[in-house]
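Trainee: Have a look at this prediction, sequence included:
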Amino acid sequence: MKEIYFLRHTTPDIELVYCYGQSDIGLKESFDREAGRTRGQLPEDLSSYKVYSSPLQRCYRLAQKLKQPVIRDDRLKEIYFGRWEMLRWEEIENDPLYKEWRVDFAHIPAPQGESFRDMADRMEAFYKDLLAGGEEKFIVVSHGGAIRALLARLIEMPLKNMFHLNIDFGGVTLIEAGASNVKIKFLNR
């Protein structure tokens, strides 16, 4: 059985009224406190764990604080919102493509961006690579949307329902995975 801890980055230093997706923004001043709380949800001894992270600083910084070396993997990035990146959501709502996207965000990409299915595909490819390797224990630092998309795939939930899963900033989710089964041991601690 593989043991995989998925961690969401801590609170970003941006108002949550912005669509920030893959924009590389920093973290709030509360980072050290939040990272300490997240670390408290993991096993005491991390020496046998291999650590992966989205290359975006809001994830990589947390991963480095937990254990080094850290392997950066682009597949762990948040969804790319294309031309909507760093716009306020109220601005995006005025885009004529927004209504169509809202109806089927799982399959319709953001303008010049990607769909949630695209993100789920890359997360699933990453996950399958973990299962195929020889290591048994992992820590993966990623983003709320990316973790939700993978969990939805693993439990065969339609992507359109993935936001029923809450993934807090600094939240920890533990998955145990075998060749033919997966068990979510806990979600969002």
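Mentor: Ah, there it is.
Trainee: surely residue 165 meets residue 151?
Mentor: Yes. In this structure, residue 165 is within contact of residue 151 by C-beta atoms under 8 Å, at 5.7 Å. (Glycine included, C-beta is placed from N, CA and C.)
Trainee: shared neighbours, those two?
Mentor: 157, 187 (C-beta atoms under 8 Å, 6 or more residues apart in numbering).
Trainee: Could you check which of these two is surrounded by more residues?
Mentor: Between residue 165 and residue 151, residue 151 has the larger neighbour count (other C-beta atoms under 10 Å), namely 22 against 18.
Trainee: give me every residue that touches the residue nearest the centre of the chain.
Mentor: Among the residues of the chain, the one closest to the centroid is residue 143, at 2.6 Å (C-alpha atoms, centre = their mean). By C-beta under 8 Å, 6+ apart, the contact set of residue 143 is 8, 9, 54, 56, 58, 59, 76, 77, 78.
Trainee: pull the helix or strand with minimum mean pLDDT from the chain.
Mentor: Of the helices and strands making up the chain, the lowest-confidence element is helix 96-103, at a mean of 94, by mean pLDDT, DSSP states H and E.
Trainee: got the buried residues for that helix?
Mentor: 98, 101 (16 or more other C-beta atoms under 10 Å).
Trainee: residues in contact with that helix?
Mentor: 92, 108, 109, 110, 111.
Trainee: ok, so of those, who is nearest residue 126?
Mentor: Among the contacts of helix 96-103, residue 109 lies closest to residue 126 (C-beta to C-beta), at 19.5 Å.
Trainee: burial count for that closest one?
Mentor: Neighbour tally, residue 109, other C-beta under 10 Å: 19.
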